[in-house]
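In: What follows is a predicted structure for the sequence shown.
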Amino acid sequence: MIFSAPIFLYLLPLAGLPVLFHLFLRQKKRQILFPTLMFFYRTDPKLNSRRKIRQFLLLLMRVLLLAFILLALSRPRFQSALPMGGKVSVVAIVDNSGSMSDAAGGDKTKLDLAVEGAKRLIQSLGDSAQMNVVTLVDDPAVSFGNVLTSDRNLLLTGLDKIAPTNATGNAAIALAKALRLLAADSGRGGVVHVFTDLQEAEWLDDALQSESADASNHVYLHRIESPARQQPNVAISSVQLPRQKILPRHPMKVGVACRNNSDAVATIRVNSLDDQDNKNTQQVVLEPGRTQIVEIAANPDISGYHWLRTWIEGDGFSADNEAGVGIVCQRTATVLFCGSPGEFGVLPTALSPDGSGQVTGMITQFGSLNQIPQANADKPILIVTTWEDVKQSGQNSSVLSDYVQSGGNLLIVPSARRVGAPGKPPAWLEADVKPRESAARGLKMEAMEKENDFWGRIREATGTASLEDARVFNFYPLELSKAFTPLMGIDFEKVVLAHRALGQGNIYVSGTAFEPRWNTLPLTGFLVVIAQSIAVAGASSEQDTMLSLVAGEYPRGIDAGGGQVEVASLGGSLPQGRDGNPWKGQVSEMPAFSKPGVFLVKTVDKEYCVSVRSSEKEGLMQFIRGSQVPALERITHTVLDYDPTDDLQKYQYGHSRTFELFLPLVLLATLALLAEGWLANPIRARLQARPEPAGGSLPQGRDGNRPDREILAGREVG
Amino acid sequence: MSASGEYRFLPARLAERLRGIEIGVRRPMDGSNQGLHRSPAFGSSVEFAEYREYMPGDPIARIDWPVYARSDRYVIRRFHEDVSIRCYVLLDISGSMGYKGTGAMSKLEYGSYLAAAMLYVMLQQSDTSSLITFDTQIRSYHEPTGSFTRLRPMLLELENVTPGKEGDIESTLHNAAELIKGRALVVIISDFLEEPAKIIRGINHLYHDGKEVTLFHVMDPTELNMPLSGLIEVVSMEAEGKLTVDFGQIKETYLRQLRLYLDQLRTGCQKIRADYIFTDTGMDVYDAVLQRRKIG
């Protein structure tokens, strides 16, 4: 018998109050002589004894009424034990999150202890017990079915397949699944055993607070102790990909953010390996609590999907050390110069030194605005044109506008050969050039708005956003709308390079040609960086299909149109179904990715590249130490320190089936109340039941009416 | 008897008021003396009864000669006989008669007044009267007398009588039926606290023996109105027994049962032609006697 509100049991002696009232406030009776008891006996021959019995029963009913009410308020529930015929329903939740791969003292990991505990639990249950196992991190390779089973071997075999993960578990989902399994069983009530280290990352989850369970369910949390680590722990907290289009043979850098989550200085090695078998190792020293971004060079050689695996060595915990990075590389891109080669100075060379794309992944092409391909696949990555042509474009300017809005990049420069042109640029451009200015000794150019993505890409490539001593001899000061962001200027007043986003594309306008007579930029390698940064600006359409997940998260944003999806591995452990084959099924049933890697999720008409990194939270040494889990306040639970020698069978007794006694007690109290009411008014009840004797009339006393005789005068005897 | 020489239960003022009251009977009565009440036998009163054929041995003086002159038949004219009757007053002296509630006197005292009044009224109309007291059996018996002198011991006994313990009316009435010979008026003064059926059986016995029975049912106003309330332990004045009763709760039922009992008693008396007079101790004794006179 379990009482949810035992405080009311302390009030149970109050049920004796009616007895006290009866004894101390008992009505004092007086005695009289009366001619006969005949009429009283006719009323009730056993009136006296009945009255005593009635009073006793009345007292009993009042005592019972109070007792039942107090017992009902204490919310008792009777839990039948196995020897009493109760049925045992048990679900074991095994915490297979990343933190469980940490050592538990000795040679075993915490996960080893959790699996052992679950096995002992299953082996301790009787043949009639209905049971199942749920993992905290969804693992499609380990499936225990969707109903409780008595097949012990199936569950033990499944437990042997549980492997460490790098993911953060979802306790709310696991607990909900366990309770759902119990509820789906034919009877009510059951026990959930959780073998976990009670890491706060999982058990302080707000989602747990919305979970509630019937009082007949009980959750036992077997807390596996987490010993302090001897070495500092560094985790990969994020992976940063460059914000640009990725072209073949176009070098790029991936930033790996490493965070020291311990209190000691960590000296680690950040390793990387890509699909082209390029290996790299960097040694990093990290102060406690600090984060450092380690840049890893990547240079995909052909278009398509590429992967990069990076991991940390030298720290005290490995489950948060790995990340998979998926890279989608575009095909060799075309840069269309609208005009003759001589008009663009060294710009074509800066974008494609060999003209065939072998060095930068870009091919230069010269033509006119009329030659812009309409198909997306054939569209150039960048169109370079001159102010003179733009002003004279007329009808063709709308083609340019459409191109930019659909994701293309446009660079407008002054023609290095032609000097000025009449007319106005199209209105959608919102930019124009002022009269040309010249300075024989050159004017120093300054970098402006250095927080702009343009300078971010320059910084990624060169490590600095400074123009150093670049000077300009000839230029057209730009006349810009507020939509433009100035990037380079003279004395921070006259803008010579500016940027504006239009639709999904970018417009760069320059007031100076990239030719040595106009400025000194062509004389430095800086022009190459600027030109290529302009060319690759913006995201490619393929990057919409790139998903980045932390292990344990479910992929979102995959549109399969109701069809099946299939998961393939680019690099890393592939989530597999029970049959050992790559997982295949509906999007809604797709399991969480529990380990780092790069995966390809294929729908009928689309592919998604999923990059998964280990969960940084799993390395945190923050565990719930108390006897209660605050987030489980709506679930009856007990926190126990895991003991490998503990007899787990004892927890099933008294929890196999639970019967709430609140309602029966309320009903009993109601019955006691009704009986008390009936006993308190018995005469009236009997009077109503007894028929009136016919024709009876009572002669009245001397003050009453006497219908059967005349009232005569005279009060005295004589 | 009081110091002034008055009988306690027949004071001069009551006797004075009772003088002139005549108590009649409906049934023919036996009697040896000339009186006021019709006898079943024919006698010498002035009230014509019937003609009868002359039989040898009849006095010749009683032949109705005018009838002989008209019809040439010898007939004798017969007249009703009026006799004095015997009145037996049976007074219940059981324990319950000693009850005095809110009335001016106990039921036994009231009954004694009533008995004295009846004895006196019968004597003063030239009848004979007798006093019998009883509880479970007849306790005292006085021979019927027509003399006021012989009334004295009866009145003195009334003054000395004390309530007994239990009462048994039915058995007493059976005994009285055996004791009282011939036709007579039997007046029973009691509270009749017994099952009506048993009382009626006793009265029936008297009636079938030729007695005319009159019942004076004496009750106390407290018994009738039950003005008590609260938890009271009621001790019976007759049989051993007590009962704890919440009068507040039981009053209605008590009155209902009392009404039922009185109704059964009255109806039973009507069926056997016994005169039933209900009175409570607050009622004037003269009025009670007057009620009997009206019936007669």
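Out: Now that the structure is in, tell me what you want to look at. Numbers count the residues shown, from 1 in each chain, chains lettered A, B, ... in the order given.

In: which regions of the stretch 51-200 of chain B sit below the pLDDT cut-off?
Out: Regions of the stretch 51-200 of chain B meeting the criterion pLDDT under 70 cover residues B:81-82.

In: Those residues of it touching chain A, which are they?
Out: B:95-97, B:99, B:102, B:104-105, B:107, B:113, B:191, B:193-195 (Cβ under 8 Å from any Cβ of the partner chain). C-beta here means a position set from N, CA and C on the backbone, and glycine is covered the same way.

In: could you pull out the helices for the stretch 1-150 of chain B?
Out: Secondary structure of the stretch 1-150 of chain B by DSSP state H, counting those that start in this stretch: the helices cover B:12-18, B:65-71, B:107-124.

In: how's chain B carved up into domains?
Out: Chain B breaks down into these domains under automatic domain parsing: B:12-24+B:85-295, B:34-83.

In: Grab the longest helix from chain B for me.
Out: When chain B is scanned for its longest helix (criterion: DSSP state H), the result is helix B:247-271.

In: Give the buried residues for that one.
Out: Of the residues in helix B:247-271, those scored as buried under the neighbour-count criterion (16 or more other Cβ atoms under 10 Å in any protein chain shown) are B:247, B:249-251, B:253-266, B:268-269.

In: Next, the angle from the helix or strand following that helix to helix B:247-271.
Out: Proceeding C-terminally, helix B:247-271 gives way to strand B:275-280 as the next helix or strand, assigned by DSSP states H and E. Relative orientation of strand B:275-280 versus helix B:247-271 (axes from the mean of the first three to the mean of the last three Cα atoms, to 10 degrees): 160 degrees.

In: ok now the very next helix or strand once past strand B:275-280, how far from the chain's centre?
Out: Scanning the chain past strand B:275-280 towards its C-terminal end, the next helix or strand to appear is helix B:285-295 (assignment: DSSP H and E). Relative to its chain's centre, helix B:285-295 lies at 11 Å (Cα atoms, centre = their mean, to the nearest Å).

In: and helix B:285-295, does that touch chain A?
Out: Yes - if you take Cβ under 8 Å from any Cβ as the test, helix B:285-295 does meet chain A, through B:285-287, B:290-291.

In: pLDDT score assigned to A:Q374?
Out: Each residue has a pLDDT score; the one for A:Q374 is 67.

In: list the contacts for A:P300?
Out: The neighbourhood of A:P300, defined by Cβ atoms under 8 Å, 6 or more residues apart in numbering or on different chains, consists of A:246, A:248-250, A:252, A:276, A:306, A:327, A:329.

In: Tell me which helix or strand it sits in.
Out: Here A:P300 sits in a region with no helix or strand, counting by DSSP H and E.

In: tell me the contacts of the closest residue to it other than its chain neighbours?
Out: Take A:P300 and drop its neighbours on the chain: the residue closest to it by Cβ to Cβ, 6 or more residues apart in numbering or on different chains is A:C329, 4.0 Å away. Taking Cβ under 8 Å, 6+ apart, we find A:C329 in contact with A:246-248, A:300, A:302-306.

In: quick one on the thing from earlier: from the contact counts, what lies against the longest helix of chain B?
Out: Applying 3 or more Cβ pairs under 8 Å, 6 or more residues apart in numbering or on different chains; DSSP states H and E, one finds that helix B:247-271 contacts helix A:38-43, helix A:682-689, helix B:196-208, strand B:212-219, strand B:275-280.

In: Can you list the buried residues in the longest one?
Out: Residues B:196, B:199-207 are the ones in helix B:196-208 that count as buried (16+ other Cβ under 10 Å).
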